[in-house]
Structure formats: C-alpha cells, structure tokens
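S.K.: the sequence isn't on hand, but the structure is:
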Ligand SMILES: C[S@@+](CC[C@H](N)C(=O)[O-])C[C@H]1O[C@@H](n2cnc3c(N)ncnc32)[C@H](O)[C@@H]1O
C-alpha cells in the first residue's frame, strides 16, 4: 500500500469535489481541478511524491533515455518528474489541466533556470504530435482519473505522441490491489474499474476538506491490450509502488503497475 502520510489521506494518491457523488463520476468531468486548486503546494507534501528521483532514475535506465531527448510528461502536476528530467538535461514539455499545478511547475522551473515548458491541456484533447523520444504518464497523470470512460481514447492519444523508436511509461493503480485491500466506505465498480473513496485533503494552511476520489484501476492485461491496440510493443509490466519503481513482475500486493513500451522504428502512430 502506498505510504500516504500527507495532505491527501488516500491509498491511491488521487483525490475530489465537495458535492457527494458516490459510485461513478457523472456530471463533473474535471473533478480533479478542484482538488488541485485546494491543495496547491501541499500536494508535494504527500509521501507518494517523495520518490521522484528514484522513479526518474529507474525510467532513464529501463527505457534507455539520454539527454537531450524530448520528453512529454502527461498529467505532470506541479512538474516533479519534468523538473527532475530537465535538471538532467532532457528537453521536457509537461501538460496538465490544472492551472494551479502548472503555475507551481513554471515557478519552480523559473527559480532554477530550467528550460522545460508547461502547457494547459485536458488529456481528452491531447494532440501532442508524434515527435517525443519518451512519453511519461505517472501517478494517475490524467489517464487514471477519467471515471472509467475515456481511458481507451486517452491512452491512444498518449501513445500517438511517441515517435518511431520512442518509449512510453505509464503507471496505473492496480485493480487487484484495490479489490484485495478494499477498505470500509470504498467501492470498486468492476464494470469500469473505478475505485471510489472519500478522503480528507489538507490544504497548504492546514485546513481540511473532504473530497471524493475516483481512481480508475487496471490489470496488467488491460494495459498490454491498450498498448498493443496503439501499435506499441510492450517491453515490460512491473509491479511497483511510489518511490519503488523496479522490474518485479506484478503481484496482488503491488499497488501500482508500471507499463513500459516502445513504438517500433519506422512505424508512425495509428
Ligand atoms: C495525482 S496527480 C499526478 C501528477 C504527477 N504526474 C505526479 O506524478 O506527481 C494527477 C494529475 O493529473 C491531472 N489531471 C487529472 N485529470 C486530467 C485531465 N483530464 N487532463 C489533464 N490532466 C489531468 C491533475 O491535474 C494532476 O496534476
């Protein structure tokens, strides 16, 4: 189970609005924006954000990346992976729907004189162009927060940004883990793979609000099928946890799955 001491008291790292939906996300497509707005810099106090360096080092090694490759960070949040890669000399673009998180990312980049850029994009409208040597979508970076409806289309959009010969890394919350460790008050919808929970979120000044979280969970098989349908070759699907990225085969005790894939040379996106 991911460590979650911090402002977002949740197992998955995702978070939500004060209106009380239970079950499926119905009318509120951009529900995470309210959480991001409320959290602001407090997001980076969460324990699940503390393993950024390990995660980036693992991805660079496992995907065979080297600067100054072009990297797209989808659902970049306040830019922790983007910034870590930019410090290592990569040419990074981060995209996210949250203006508040993008502001934090831009401020951090400016403070360090990093040249990475950040753009406001809803992943459902992503049209990034197929010129990226690597595309990352980590820690429910948009892809795992879509209510179980738009994931297939969004995965295809993310995959389409991978250049021929380029690499993809997507982390996703594990459906097996979610069901195995389902806690009181949580519901898991087998039809959509969405885990619903209500979490107390602590803002930057210590004030607390309750939010609903809807995290779309996956099996390794689903990730493999999505990758193959987008013309990618699966390199590996590992069982991981925040700050503990590695190559172990998934078990039901791993909270997250890490898909690594590549687009074959000479084959543009479908
Ligand atoms: C749990 S955070 C992860 C952020 C970052 N990848 C990280 O590892 O810290 C999920 C991110 O997904 C973004 N997000 C949620 N829905 C999105 C959407 N439809 N389009 C773009 N970004 C979205 C949120 O704004 C948030 O920054």
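M.R.: All right, it came through fine. If you're wondering where the values come from, they're calculated on a predicted model, not measured in any experiment. Numbers count the residues shown, from 1 in each chain.

S.K.: now do the host helix or strand of residue 216: which elements does it pack against?
M.R.: Here residue 216, judged by DSSP states H and E, is contained in strand 208-218. On a contact count with 3 or more C-beta pairs under 8 Å, 6 or more residues apart in numbering; DSSP states H and E, strand 208-218 meets helix 32-39, strand 162-174, helix 175-180, strand 194-202. Glycine gets a C-beta too; all of them are placed from N, C-alpha and C.

S.K.: enumerate the residues of the chain near the ligand.
M.R.: Residues of the chain found near the ligand, taking C-beta under 6 Å from any ligand atom as the criterion, are 13-14, 32, 36, 49, 75-77, 80-81, 96-98, 101, 122-124, 138-142, 145.

S.K.: just checking, residue 214 touches residue 140?
M.R.: No: counting by C-beta atoms under 8 Å, residue 214 stays clear of residue 140, with 10.2 Å between them.

S.K.: is it correct that residue 168 is in contact with residue 259?
M.R.: Yes: between residue 168 and residue 259 there is a contact at 7.3 Å, judged by C-beta under 8 Å.

S.K.: who has more neighbours, those two?
M.R.: Each of residue 168 and residue 259 has its neighbours counted (other C-beta atoms under 10 Å); residue 168 has more, 28 against 24.

S.K.: which residues touch that one?
M.R.: Residues in contact with residue 168 (C-beta atoms under 8 Å, 6 or more residues apart in numbering) are 134-136, 158-159, 162, 227, 232, 259-263.

S.K.: for it, which non-adjacent residue is closest in space?
M.R.: Leaving aside its sequence neighbours, residue 168 sits nearest to residue 261 (C-beta to C-beta, 6 or more residues apart in numbering; 4.6 Å).

S.K.: ok so the one you found is a helix residue?
M.R.: No: judged by DSSP: H, G, I helix; E, B strand; the rest coil, residue 261 forms no part of a helix; its state is strand.

S.K.: so who does it touch?
M.R.: 159, 167-168, 170, 227, 232-235.

S.K.: residue 92 is in what secondary structure piece?
M.R.: Assigned by DSSP H and E, residue 92 falls in strand 91-96.

S.K.: helices or strands up against that strand?
M.R.: Contacts defined by 3+ C-beta pairs under 8 Å, 6+ apart place strand 91-96 against strand 70-74, helix 80-87, helix 99-112, strand 117-120.

S.K.: thinking again about what came up before, with mean pLDDT added, can I get the helices and strands packed on strand 208-218 in TSV?
M.R.: As requested, the helices and strands packed on strand 208-218 are exported to TSV (pLDDT from 0 to 100):
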stretch	mean pLDDT
helix 32-39	95
strand 162-174	97
helix 175-180	98
strand 194-202	94
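
S.K.: would you mind finding the most buried of these?
M.R.: Across these, averaging neighbours per residue (mean count of other C-beta atoms under 10 Å) puts strand 162-174 on top, at a mean of 23.

S.K.: give me the pLDDT value at residue 220.
M.R.: We have a pLDDT of 98 for residue 220.

S.K.: so the nearest residue to it once chain neighbours are set aside: helix, strand or coil?
M.R.: Spatial nearest neighbour of residue 220, excluding adjacent residues (C-beta to C-beta, 6+ apart): residue 237 at 4.3 Å. With three-state DSSP as the basis, residue 237 sits in strand.
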